[in-house]
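Q: Any chance you can model this:
(chains A, B and C)
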Amino acid sequence: MAEFLLAAAGFVLLTVALGLARILVGPATVDRMMAAQLLGTGGIAVLLLLAAATGLSAAVDVALTLAVVAAFASAAFVKGAPGPDDPATDKA
Amino acid sequence: MSLALDIFTVLAVSAGAFFFLAGTVGLLRFPDALTRLHALTKADNLGLGLVVLGLLPLADGALGALKLIVVWLFVLLAGATVSQLLARVAQRVGPSR
Amino acid sequence: MIIAWTFDAILAIIVLAVAGWTIAARDTFAAVIGFVAYGLLLALVWVRLAAPDVALTEAAIGGGMTGVLLLVAVARLRAAQAAAAAETPGAALRLVAGGGCAVIAAALAASVLLLSDPAPTLAPAAAANLPQTGLGNPITGVLLAYRALDTLLEKVVLLLALLGVWSLAPDRLWGGLPGLKRHARGDDPLVFLARLLPPVGIVIGVYLLWVGADDPGGAFQGGAILAAMWILALMAGLIDAPPVSRRWLRLVLVAGPVVFFAIGLAGFPLAGAFLAYPEAYAKPLIIIIEVVLTLSIAAILGLLVAGPPERAPPPP
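A: Residues are numbered from 1 along each chain as shown, chains lettered A, B, ... in the order given. Model (predicted):
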């Protein structure tokens, strides 16, 4: 069972890598901003599988933190994205 | 009983991994940023849900299982909102950039 | 065994590829995204090396705090794009920098690979004395008991960094409100996210602090998550940053290091040395230090990202 879970984690990691390669190359900025979301969901799946495979239950806490950080990073990307800024929102 | 649970885990985790693969295939093949976003957030979240389902029998105690479910629910909520955010940006900036 | 080896190899290759892409990226914004991705992947690496505390810190700080700090910097630099382009280093300087990095990497690799087997370590002594502190997590034991002096000085360094950021404000704005005013639009999904995420994030931050006594976690990771939630609410315009001259804010900022220092001084009469804990009270004292430290860290990190004051302080 542990080997199967580790193999599944490796498989998910590979799919994340493929997706990451496509996203980071993607010419539009909005493509690249999806990287946080992809790594968030994929990384959490890998961590949960690792936690079950190796018995390191703290990895579930790392997955929880990763969920919060990925959502926060996506919001930060959107806020800091280059392009026409909404004139109504920021003023001194 | 434990053999049935093991088979359940293997099936659920395999299905979850398959959906992750489907999400990546969508990322690679879909023509447009919005459709790629859709493939990413929907398929990957479903894959994560199936993986969590498969890992529930292996969790340590009810608290461990609850933590797994909380992680999945949170990712679902956050992912849905973040995909709306990113779609806004894609719409605002336009398809050519 | 072979599966574990393959997994680690795949992870290592991905990390190196993302790092290479980050360096080679033409656009600064894309490079920051690559850096955040690199941080999140490194958290996976730390978990594979059985270091979940470091993984938590890497995810919270490297992925969250440093990422958003760099984004703010990129946004500010965008206005000065022409001047920045004129300062790009030439090929000779880049070659020297690359050579220096290669030498350091080779030295690190050599020192790790050539370690004597078994490597010299204090881990058995640290683990043997851990029950005296009442803690179950050896990392927290090292941070708050064995090497508490280092942790205290690190927090002072954080405060000094914040002072450095504040000193970037022009004189007339000293003590003012950091950042520009943001108005929350009702239908903005960012506002919805800023209403949805912080309650859960705060619970998770407090959980990380609490569980750090016996399991991986701790004050720094909890404080970083709390700071991230504060910054999210600031970004969405739901709350406004307080003027940095406010007394209560400055009290929160220094409370952590001051309480830490005071407990350290109390170690002289009570236990015979600076930052020594009397045996029966070790755990309660450590918990008090951790709680106050978490609040201070959250405030300091949040203000570091909010930046120097850009609006005049309101009349008191």
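Q: Please list all residues in contact with the residue nearest to the spatial centre of chain C.
A: Closest residue to the average C-alpha location of chain C: C:Ile61 at 4.0 Å, with CA atoms, centre = their mean. By CB atoms under 8 Å, 6 or more residues apart in numbering or on different chains, the contact list for C:Ile61 reads C:220, C:224. Every C-beta, even on glycine, is put in place using the N, C-alpha and C of the backbone.
Q: residue boundaries of the helices in chain A?
A: Remark: helices assigned in chain A by DSSP state H are A:2-25, A:29-54, A:58-80.
Q: repeat for the stretch 151-300 of chain C
A: Secondary structure of the stretch 151-300 of chain C (DSSP state H, counting those that start in this stretch): helices located at C:189-211, C:219-236, C:247-271, C:282-306.
Q: Please work out which of these is packed deepest.
A: Most buried of those by mean neighbour count (mean count of other CB atoms under 10 Å in any protein chain shown) is helix C:219-236; its value is a mean of 26.
Q: Report whether it contacts chain A.
A: Yes - counting by CB under 8 Å from any CB of the partner chain, chain A has neighbours in helix C:219-236: C:221, C:225, C:228-229, C:231-232, C:235-236.
Q: Same question for stretch B:55-71.
A: Yes - judged by CB under 8 Å from any CB, stretch B:55-71 comes into contact with chain A at B:55, B:58-60, B:64, B:67-68, B:70-71.
Q: Next, the buried residues of that stretch.
A: B:55-56, B:58-59, B:64-65, B:67-68, B:70-71 (16 or more other CB atoms under 10 Å in any protein chain shown).
Q: Stretch C:148-158 too?
A: The neighbour-count check on stretch C:148-158 (16+ other CB under 10 Å) flags C:148, C:151-152, C:155, C:158 as buried.
Q: just stretch A:45-56 next, same as before
A: Neighbour counts over stretch A:45-56 (16+ other CB under 10 Å) mark A:45-54, A:56 as buried.
Q: which one of the residues you listed sits closest to C:Asp188?
A: Within the buried residues of stretch A:45-56, proximity to C:Asp188 (CB to CB) peaks at A:Ala45, which comes in at 29.6 Å.
Q: Pull up the gap between that closest one and A:Gly19, please.
A: Distance of A:Ala45 to A:Gly19, computed by CB to CB, to the nearest Å: 12 Å.
Q: do the same with C:Ala19
A: Counting by CB to CB, the separation of C:Ala19 from A:Gly19 is 18 Å.
Q: Neighbour count: these two, which is higher?
A: Neighbour count, other CB atoms under 10 Å in any protein chain shown: between C:Ala19 and A:Gly19, A:Gly19 has more, with 28 against 16.
Q: hang on, isn't that one packed against B:Leu27?
A: Yes - using CB atoms under 8 Å, A:Gly19 is in contact with B:Leu27, at 4.6 Å.
Q: and the helix or strand containing C:Leu93, average pLDDT?
A: Using DSSP states H and E, C:Leu93 falls within helix C:91-113. When pLDDT is averaged over helix C:91-113, the result is 91.
Q: cool, and stretch C:171-190?
A: Average pLDDT, stretch C:171-190: 79.
Q: what about that stretch, near chain A?
A: Yes - looking at stretch C:171-190 against chain A by CB under 8 Å from any CB, the contacts come from C:180-183, C:185, C:190.
Q: out of those residues, which is most surrounded?
A: Those, ranked by neighbours (other CB under 10 Å): first place C:Leu190, 25 neighbours.
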